[in-house]
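# Kindly return the folded structure for what I paste below:
(2 chains)
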Amino acid sequence: MSGKPDEERGRPMTNKWARVVVRSALLLGAAVVLFSPARAQTSPNAAKAKTSPAGVVQTSRTPQGQSDLEGVWSIAFLTPLQRDPQLGNKQFFTPEEAAAYLKKRSQELDADRRDLPPDADTALAYNQAWYDRGTKLGRNMRTSLVIDPPDGRIPPMTPEAKRRFENTHAYSAAHPADGPEDRTLGERCLNFSQEGPPLLPGGYNNNYQIVQTRNYVAILAEMGNKARIIPLDGRPHLPQSVSQWNGDSRGHWEGKTLVVDTTNVRFNDKSHFGVNYDGLTDQNLRVTERFTRTAADTITYQATVNDPTVYTKPWTMEIVMSKTEDPLFEYACHEGNYGMFGILGGARADEKKAAEQGGHQ
Amino acid sequence: MRTRLFLIAAAGVALGFLLHVSSVAQTPANRGPRTVDGKPDLNGIWQALNKANWDIGTHGPSPGPPDLGAIGSSPPGIGVVEGDTLPYLPAAAAKKKENFAHRWTADPELKCYLPGVPRATYMPYPFQILQGSKSIMIAYEYAGAIRAINMGKPREAPVDSWMGWSNGHWEGDTLVVDVTSFNDQTWFDRAGDFHSEALHVVERYTPASANVLQYEATIEDPKVFSRPWKMGMPLYRHVEKNAQLMEYKCAEFAEELLYGHLRKQPSK
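Numbering: from 1, shown residues only, chains lettered A, B, ... in the order given. All right, here's what the predicted structure looks like:
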């Protein structure tokens, strides 16, 4: 049901808590103070070991003896992708900073606020009930999902990528809705940031179901209703002539860590990694992901993005996936994409109106 | 005499051995691989080899949209339905005829919509069974359709959906999947065979040999059919070493059909 984010998610508690948090900074502050100190103490140590997260504990194994990643996992956390430049190299929030950040961020994201000018207000098409971004920071209290470079920022684009990016945006501004191809991949139900790689949280459907067998791991993203099926048998990647929106993934186990290498990522002038930042992917994109079961209820997920055409150096992000007992819902985006009819139909109506007004002058 | 007796005895032993071997061949243990916990191991990439997606009933060839020439025509096929007739209620039979007449504009497959169950099984594309230790996922190449089958305590569907809500369990060597909570938007084939939101499908996947699963689906829909009916077919394993489901996100290829008339420069 495109454009109906959380109507069917049936999570009254989540939404209720979202509202409670937004409206009660006092309660939020108390909660962070109560639950954070232990994490605040362990997190900085974890940060030192970038590729092998500290605190790895004995976790369950599959009948084949692999580390057990099966289950449903959520990345609905409010940790920003990139760090606020004012924080410099500060990797972790203190409890007070976390409370202040969550308060500010929740207010920014509150689709029920009605203090905006009319244009911005009508753009808030969904009210808060539709969203499911979570209400907390990630378990590790990080100030950004990006953990490398140390400033928590995605490295600058290469001059060539910057030029392409500017051209693309100039074209989009001039041709916002000439046809479906002018709209984002999400609006076309073709690709979403949550699908990965890398897995990045978004407005809703931040859930994954993992099923693993001896020779494969399947990662089903609720957003986009898409499963990446990752062979573990060491076979080569698809030929370069074939590209796919989620690339072509190959995996292997390094001890308890599932390492997934993805190439052949399809790109076009709309294939950003999501809405949080701008950066066009390219055929040279290679993403290396690491899934480590770090506790009974967590998988620590890291992804390194290497695209020498677009970025001046590689960057790495981390998010702690949290276990949930809720089932995934079928996100039939394309089947219910009434929005595309509205967007294109609206653009044509605007043009017609403009032409008529022009004719009368 | 003794020699003859010996020969008879030897022949008897040999015959017994042969019988023994053939009976071993038929025991469940030899019907394909097993998981560590002794269940049939259904992991693999499978595909039906029939023309049911064009018409689940036995049918001759027929023309398609003229501008697609022979590529768009429907190939003939032997039906997959037990008894080869669908027990439509009178009003539903009329609707099926109407669907058939408009099949080149009304089939949800044209728009790359999710295919529903059981149609996903016999579309002319591979699908992959991923049998984990706690749940089973079936990923279909067509449209990237996907089902997660709950193998734990049966859970109720939170909402209706295109691919339905699947609860599975084992009956001996058969994986039985109970599928409910469909919407009424999918068809069984390109010939307009259809169902309502009251559809209830019970699927049975039984290993017949290492590389063949026998598939059976019992269809129940009191709003459309006067009685439950069954379809069945073998599913064959892709044995190619490099077999792989590829991304076929066909929504993109339906955009022209769906939105072409709304382009700034209308294409039709």
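
# was I right about A:L328 contacting A:G71?
No: counting by C-beta atoms under 8 Å, A:G71 is not a contact partner of A:L328; they are 11.0 Å apart. C-betas here are computed from N, CA, C, even on glycine.

# shared neighbours of the two, which are they?
Common neighbours of A:L328 and A:G71, using C-beta atoms under 8 Å, 6 or more residues apart in numbering or on different chains, are A:Q209.

# Now do the strands in the chain.
You didn't pick a chain, so chain A it is. Assigned by DSSP state E, chain A shows strands spanning A:71-74, A:146-148, A:207-212, A:216-221, A:226-231, A:248-254, A:257-263, A:286-295, A:298-306, A:315-324.

# hm, I was asking about chain B
B:44-48, B:127-131, B:135-140, B:146-150, B:165-171, B:174-180, B:200-209, B:212-220, B:229-237.

# near chain A at all, the first one?
No: under the criterion of C-beta under 8 Å from any C-beta of the partner chain, strand B:44-48 makes no contact with chain A; the nearest approach is 9.5 Å.

# Parallel or antiparallel, which strands does that strand pair with?
Taking DSSP bridges as the criterion, strand B:44-48 forms sheet pairs with strand B:127-131 (antiparallel), strand B:229-237 (antiparallel).

# Please work out which of those is packed deepest.
For the strands paired with strand B:44-48, ranked by mean neighbour count under the definition mean count of other C-beta atoms under 10 Å in any protein chain shown, the leader is strand B:127-131 at a mean of 23.

# just to revisit the earlier point, would you mind putting the strands paired with strand B:44-48 into a markdown table with distance to B:N167 alongside?
Output for these, formatted as a markdown table (distance: least, C-beta to C-beta, whole Å):
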| stretch | distance to B:N167 |
| --- | --- |
| strand B:127-131 | 15 |
| strand B:229-237 | 20 |
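
# JSON lines for these, including mean pLDDT?
As requested, those are exported to JSON lines (pLDDT from 0 to 100):
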{"stretch": "strand B:127-131", "mean pLDDT": "98"}
{"stretch": "strand B:229-237", "mean pLDDT": "98"}
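
# just to revisit the earlier point, can you say which of the strands of chain A is nearest to chain B?
strand A:207-212 (3.8 Å; C-beta to the nearest C-beta).

# want to try TSV for the strands of chain A, with distance to A:E96 and mean pLDDT as columns?
Conversion of those to TSV gives the following (distance: least, C-beta to C-beta, whole Å; pLDDT from 0 to 100):
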stretch	distance to A:E96	mean pLDDT
strand A:71-74	26	97
strand A:146-148	22	96
strand A:207-212	30	97
strand A:216-221	35	98
strand A:226-231	39	97
strand A:248-254	38	97
strand A:257-263	34	97
strand A:286-295	26	96
strand A:298-306	25	96
strand A:315-324	21	96
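
# Redo those strands as a markdown table? Include distance to A:K352 and mean neighbour count.
Converted to a markdown table, the strands of chain A look like this (distance: least, C-beta to C-beta, whole Å; neighbours: other C-beta atoms under 10 Å in any protein chain shown):
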| stretch | distance to A:K352 | mean neighbour count |
| --- | --- | --- |
| strand A:71-74 | 45 | 20 |
| strand A:146-148 | 45 | 21 |
| strand A:207-212 | 42 | 24 |
| strand A:216-221 | 39 | 24 |
| strand A:226-231 | 37 | 23 |
| strand A:248-254 | 44 | 18 |
| strand A:257-263 | 45 | 21 |
| strand A:286-295 | 44 | 22 |
| strand A:298-306 | 44 | 22 |
| strand A:315-324 | 45 | 21 |
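
# Pull up the residues of the stretch 51-200 of chain B that are close to chain A.
Counting by C-beta under 8 Å from any C-beta, the stretch 51-200 of chain B comes close to chain A at B:111-114, B:128, B:130-137, B:139, B:144, B:146, B:148, B:150, B:155, B:158-159, B:161-163, B:185.

# if we go to 6 Å?
Taking C-beta under 6 Å from any C-beta of the partner chain as the contact definition, the stretch 51-200 of chain B meets chain A at B:113-114, B:130, B:132-135, B:137, B:139, B:144, B:146, B:148, B:158-159, B:161-162.

# who wins for neighbours among those?
Within those, neighbour counts (other C-beta atoms under 10 Å in any protein chain shown) peak at B:L114, which reaches 28 neighbours.

# check contacts around that one.
Contacts for B:L114 (C-beta atoms under 6 Å, 6 or more residues apart in numbering or on different chains) come out as A:332, B:145, B:162-163.

# Over to B:P234?
B:212, B:214.

# can you check B:P228 too?
Listed by C-beta under 6 Å, 6+ apart, the contact partners of B:P228 are B:218, B:220.

# do that again at 7 Å, thanks
B:218-220 (C-beta atoms under 7 Å, 6 or more residues apart in numbering or on different chains).

# Which residue is the nearest non-sequential neighbour of A:F93?
A:M141 (5.2 Å; C-beta to C-beta, 6 or more residues apart in numbering or on different chains).

# shouldn't A:R228 be in contact with A:Y216?
No: with contact defined as C-beta atoms under 7 Å, A:R228 and A:Y216 do not form a contacting pair (10.2 Å).

# Could you list the low-confidence segments of the chain?
No chain specified, so I'll use chain A. A:1-58, A:118-126, A:268-280, A:359-361 (pLDDT under 70).

# um, chain B though
Those would be B:1-30, B:267-268, if you go by pLDDT under 70 across chain B.

# would you list every one of the helices in it?
Here chain B has its helices, by DSSP state H, at B:2-26, B:90-101, B:103-106, B:119-122, B:255-259.

# helices and strands around the fourth one, which ones?
Counting by 3 or more C-beta pairs under 7 Å, 6 or more residues apart in numbering or on different chains; DSSP states H and E, no packing neighbours are recorded for helix B:119-122 among the helices and strands.

# Now it - C-alpha only, CSV.
Once non-C-alpha atoms are left out, helix B:119-122 reads as follows in CSV (Å, rounded to 0.1, in the frame of the first residue of the first chain):
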residue,chain,number,x,y,z
ARG,B,119,0.1,-18.7,-9.3
ALA,B,120,3.6,-17.7,-8.2
THR,B,121,4.5,-21.4,-8.1
TYR,B,122,3.9,-22.1,-11.8
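
# about what we covered before: is it possible to export the strands of chain A to CSV including distance to A:N127?
As requested, the strands of chain A are exported to CSV (distance: least, C-beta to C-beta, whole Å):
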stretch, distance to A:N127
strand A:71-74, 22
strand A:146-148, 30
strand A:207-212, 21
strand A:216-221, 25
strand A:226-231, 27
strand A:248-254, 37
strand A:257-263, 36
strand A:286-295, 34
strand A:298-306, 30
strand A:315-324, 24
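
# Kindly report the residues of the stretch 51-200 of chain A close to chain B.
For the stretch 51-200 of chain A, the residues in contact with chain B (C-beta under 7 Å from any C-beta of the partner chain) are A:62-64, A:70, A:178-180, A:189-190.

# So B:D193 sits against B:K95, correct?
No: contact criterion C-beta under 7 Å: B:D193 and B:K95 do not qualify, at 10.2 Å.

# which one of the two has more residues nearby?
Taking neighbours as other C-beta under 10 Å, B:D193 and B:K95 compare with B:D193 leading, 22 against 16.

# show me what contacts B:N43?
With C-beta under 7 Å, 6+ apart, B:N43 has these contacts: A:213, B:129-131.

# make it 6 Å
A:213, B:129, B:131.

# Report the separation between it and B:F127.
Distance, B:N43 to B:F127, using C-beta to C-beta, to the nearest Å: 12 Å.

# Now do the closest residue to A:N89 other than its chain neighbours: how many residues are near it, please.
Distances taken as C-beta to C-beta, 6+ apart put A:P150 closest to A:N89, at 5.0 Å, once the chain neighbours are dropped. When neighbours are counted by other C-beta under 10 Å, A:P150 registers 12.

# A:P150 and A:G88 touch, don't they?
No: between A:P150 and A:G88 there is no contact under C-beta atoms under 6 Å: 9.0 Å.

# how long is stretch B:207-225 end to end?
30 Å (C-alpha to C-alpha, to the nearest Å).

# All good on my end, thank you.
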